[in-house]
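Trainee: Fold the following for me, if possible:
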Amino acid sequence: SVFARSVLPTYYRTSRMGSFSKQLNGYSFNKIKLDVNQYTYYHPFFLRGLPHLVKNIKRNVSGTKGGKQITEADLERISAEAPVPDRVSETSR
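Mentor: Here you go, the predicted structure:
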């Protein structure tokens, strides 16, 4: 894919999508299936406009499994419960 060939090598030591996916699982990102061969990932502390939350993302302890697969319906519910603000205030940065 274009992502694996262009983006991954720029920011990571690998260009293999499987390795990248494994890294995301290690930080409890949830995989969301959009279409037959199309996925996205979600983490409650990785949200656009809220960079201060990223510090809460921790690597899983050895021996534990990564995040569970969630659906688009789950993502819509999560978005309704905790909407991303239109603008981040200077105090939250």
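
Trainee: what about Tyr41, helix or strand, and which?
Mentor: Element membership of Tyr41 [criterion: DSSP states H and E] is strand 38-42.

Trainee: what about that strand, average pLDDT?
Mentor: Mean pLDDT, strand 38-42: 87.

Trainee: ok, and what's touching it?
Mentor: Here strand 38-42 makes contact (Cβ atoms under 8 Å, 6 or more residues apart in numbering) with Leu24, Phe29, Asn30, Lys31, Ile32, Lys33, Leu34, Ile70, Leu75, Ile78. Backbone N, C-alpha and C define where each C-beta goes, glycine included.

Trainee: Okay, now the sheet partners of it, with direction.
Mentor: strand 30-35 (antiparallel) (DSSP bridges).

Trainee: Tabulate the CA atom coordinates of the partner strand in CSV.
Mentor: Only the C-alpha atoms of strand 30-35 are listed here, as CSV (Å, rounded to 0.1, in the frame of the first residue of the first chain):
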residue,chain,number,x,y,z
ASN,A,30,-8.4,-1.0,18.7
LYS,A,31,-8.7,-2.1,15.1
ILE,A,32,-11.9,-1.0,13.3
LYS,A,33,-13.0,-2.7,10.1
LEU,A,34,-14.3,-0.2,7.6
ASP,A,35,-14.6,-2.4,4.5
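
Trainee: Quick check: end-to-end length of stretch 17-36?
Mentor: Using Cα to Cα, to the nearest Å, the end-to-end distance of stretch 17-36 comes out at 16 Å.

Trainee: what are the ranges of the helices in this protein?
Mentor: Assigned by DSSP state H, the chain shows helices spanning 2, 8-11, 17-26, 72-81.

Trainee: Tell me which of those helices lies nearest to Asn60.
Mentor: Among those, helix 17-26 comes nearest to Asn60, with 5.5 Å by Cβ to Cβ.

Trainee: and the closest one, what does it pack onto?
Mentor: Helix 17-26 sits against strand 30-35, with contacts defined as 3 or more Cβ pairs under 8 Å, 6 or more residues apart in numbering; DSSP states H and E.
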